[in-house]
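A.B. asks: here you go, sequence then predicted model.
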Amino acid sequence: MYKRILIANRGEIALRIIRACRELGVESVAIFSEADRGAHYLDLADEAYCVGPAKSSESYLKIDRIISAAEVGNVQAIHPGYGFLAENSHFNEICRSCQIDFIGPSPEAMTMLGDKNEARKLARKADVPVVPGSDGLIEEEEIALSVAREIGYPVLVKASAGGGGKGMRVALNDLSLQQAIQQARREAEAAFGDGSVYLEKYVEHPRHVEVQVVADQHGNVVHLWERDCSVQRRHQKLIEESPSPNIDQQTREAMCEAAVRMIKAADYTNVGTVEFIVDQEGNFYFIEVNARVQVEHPVTEMVTGVDIIKAQLRIAAGEELPFRQEDITPQGASIECRINAENPERNFQPCPGKIESMFIPGGLGVRFDSHTHAGYTVSPFYDSMVGKLIVHQPTRREAIQCMLRALGELQIQGIATTCSRHEEILRHAAFVESRIDTTFVERTWDQ
Ligand code: MV4
């Protein structure tokens, strides 16, 4: 195991990694921007270095400064967390050239999966179901038109460099397809410097189900079952749960096995998530691979008992997975609510500011992953998540009741939070009966 690593991130995930390091006997070196200077979670690391001003582009995204901190801190590896540089294969390569382990997949696997068209091609090769669509990139509009007529409208134009919903356009007919291609190209060129696009049948009212996979450097690949992340708004997840309700055991196993095939085909190591959409008939289709640990990893930890951050460190350090597929038996049901400093009554407008007082819920099966506390100031410079409230209970019904109880106890004064919306969702019949899809929140509250 490593003696010392650097955490190239901030907030709750930085603290989550600090905690895993402490338990493993690994020294942790944190970084912080001027905006985060003095934050109490930094005291829990062994050391902390300032890497620049508040703006992310001048600090948490500044590769040379982070590498300098790693050199000065004399670390053997860097954990990127999620967001910031976590899926930046250039940063990953620089770590390699500086002989610092990147705690994540190889730059080659990351680069390949970062190209959604390449990932889709690989999925087909690995016999992982993809949504019917174009056979690779769209070079000419004529070909797009013939593909669209064949698979039938509506179709979705997707940017190869996109992901997470960026660079996507729906087309309902031949006329709007030409526009959609041009708009998607322009948006992707501006955002990613790569205007290449491909076409898929537009799956209406899908559910978002993703499979957590762990893969060591000795060829062992194990899935940790799935999470349902259909409760989202404008591509921001609000609530995640495991297991996914409303999916039969046969489909669940087929999806998890497909995810393992995908990870093996990509020669992917460390932890990753294979994202699928599931249509109203229960068919699942590969969408993309997230080459990082995800915000919602705790629900998988709760039902499987596997510490995913520790697994990341062990895998990167070259250890073999201490479990096999047959050892992973999911227990009970887990739900996570992302508590954001946003006003749900005002279109989820961010509400940074000082937390005047705070009461944190507890009790059996309640977990609060947060770097915040009374007196903490939520900065306007970063995402507005103040914490994740996670519950684990024998059944989904009990998990919902437990979450409602815990949300009732959670008090955060001084800033607006998304807690009230979480309570409304958890009490909504469609959620309770799991009759929901990715359009549920926007359909129910935004119109
Ligand atoms: C789709 C789709 C429908 N049909 N692909 C959005 C984010 C990106 N990861 C993939 N996304 C989608 N791809 C086809 N062929 C619908 C979505 C989608 C979505 C997917 C998962 C979670 C939330 C979503 C919200 C809107 C659209």
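C.D. replies: Right, received. Where do you want to start?

A.B. asks: any idea how far Val303 is from the residue of the stretch 301-447 of the chain found nearest the ligand?
C.D. replies: Closest residue of the stretch 301-447 of the chain to the ligand, Cβ to the nearest ligand atom: Thr438 (3.8 Å). In this view, the C-beta of every residue, glycine as well, is placed from N, C-alpha and C. Distance of Thr438 to Val303, given as Cβ to Cβ, to the nearest Å: 22 Å.

A.B. asks: in CSV, could you pull the C-alpha coordinates for the top helix by length along the chain?
C.D. replies: The residue-count maximum for a helix in the chain (DSSP state H) belongs to helix 174-192. Coordinates of each C-alpha in helix 174-192 appear next as CSV, following Å, rounded to 0.1, in the frame of the first residue of the first chain:
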residue,chain,number,x,y,z
ASP,A,174,-35.9,15.1,-41.7
LEU,A,175,-36.0,18.8,-41.5
SER,A,176,-35.2,19.1,-37.8
LEU,A,177,-32.5,16.4,-38.1
GLN,A,178,-30.4,18.6,-40.4
GLN,A,179,-30.7,21.4,-37.8
ALA,A,180,-30.1,19.1,-34.9
ILE,A,181,-26.8,17.9,-36.5
GLN,A,182,-25.6,21.4,-37.1
GLN,A,183,-26.5,22.6,-33.6
ALA,A,184,-25.0,19.5,-31.9
ARG,A,185,-21.8,19.9,-34.0
ARG,A,186,-21.5,23.6,-33.2
GLU,A,187,-22.1,23.1,-29.5
ALA,A,188,-19.6,20.2,-29.3
GLU,A,189,-17.0,22.1,-31.3
ALA,A,190,-17.3,25.1,-29.0
ALA,A,191,-17.4,23.1,-25.7
PHE,A,192,-14.9,20.3,-26.5
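
A.B. asks: can you identify the element that follows that helix toward the C-terminus?
C.D. replies: Next along the chain after helix 174-192, taking DSSP states H and E as the criterion, comes strand 197-201.

A.B. asks: show me where the protein has helices.
C.D. replies: 11-24, 63-73, 89-97, 107-114, 116-125, 141-151, 174-192, 249-265, 297-304, 308-316, 396-409, 419-427, 429-432, 440-445.

A.B. asks: ok and the fourth one relative to helix 174-192, angle-wise?
C.D. replies: To tie it back to what came earlier, the one meant is helix 107-114. 150 degrees (axes from the mean of the first three to the mean of the last three Cα atoms, to 10 degrees).

A.B. asks: so what touches helix 107-114?
C.D. replies: Helix 107-114 has contacts (Cβ atoms under 8 Å, 6 or more residues apart in numbering) with 87, 89, 92-93, 96, 104-105, 118-119, 122, 161, 163, 266-269, 272, 288-289, 291.

A.B. asks: what is the burial count for Ala190?
C.D. replies: Neighbourhood size, Ala190 [other Cβ atoms under 10 Å]: 10.

A.B. asks: tell me the confidence at it?
C.D. replies: Confidence at Ala190, expressed as pLDDT, is 92.

A.B. asks: what does the one 3 residues further on give?
C.D. replies: Reading off the confidence values, Gly193 has pLDDT 92.

A.B. asks: excluding chain neighbours, what is closest to it?
C.D. replies: Leaving aside its chain neighbours, Gly193 sits nearest to Ala161 (7.6 Å; criterion: Cβ to Cβ, 6 or more residues apart in numbering).

A.B. asks: for that neighbour, give me its contacts.
C.D. replies: Contacts for Ala161 (Cβ under 8 Å, 6+ apart) come out as 114-116, 167, 188, 191-194, 196.

A.B. asks: just the buried members of these?
C.D. replies: Listed as buried from these are 114-116, 167, 188, 192, 196; burial here means 16 or more other Cβ atoms under 10 Å.

A.B. asks: regarding stretch 435-442, how distant is the last residue from the first?
C.D. replies: 15 Å (Cα to Cα, to the nearest Å).

A.B. asks: just to revisit the earlier point, quick one: the longest helix of the chain to helix 141-151, angle?
C.D. replies: Going by the same axes, to 10 degrees, helix 174-192 makes 120 degrees with helix 141-151.

A.B. asks: which residues touch the residue nearest in space to the middle of the chain?
C.D. replies: What sits nearest the mean C-alpha location of the chain, by Cα atoms, centre = their mean, is Gln294, with 3.4 Å. Neighbouring residues of Gln294 by Cβ under 8 Å, 6+ apart: 82, 210, 273.

A.B. asks: ok so, going back, quick one: contacts of the longest helix of the chain?
C.D. replies: 138, 141, 144-145, 148-149, 153, 155, 157-162, 166-171, 194-197.

A.B. asks: is the ligand contacted by it?
C.D. replies: No: between helix 174-192 and the ligand, judged by Cβ under 6 Å from any ligand atom, nothing touches; the nearest distance is 12.7 Å.

A.B. asks: show me how far that helix is from its chain's centre.
C.D. replies: In terms of Cα atoms, centre = their mean, to the nearest Å, the centre of helix 174-192 is set 26 Å apart from its chain centre.

A.B. asks: any idea how far the residue lying farthest from the centre of the chain is from Ser160?
C.D. replies: Largest separation from the mean C-alpha position in the chain: Glu142, at 36.0 Å (Cα atoms, centre = their mean). Relative to Ser160, Glu142 is positioned 20 Å away (Cβ to Cβ).

A.B. asks: break this protein down into its domains, please.
C.D. replies: Domain assignment of the chain by automatic domain parsing yields the ranges 4-103, 132-201, 207-446.

A.B. asks: for my notes, please list those in TSV and give distance to Ala109 for each entry.
C.D. replies: Shown next, in TSV, are the domains of the chain (distance: least, Cβ to Cβ, whole Å):
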stretch	distance to Ala109
domain 4-103	9
domain 132-201	15
domain 207-446	5
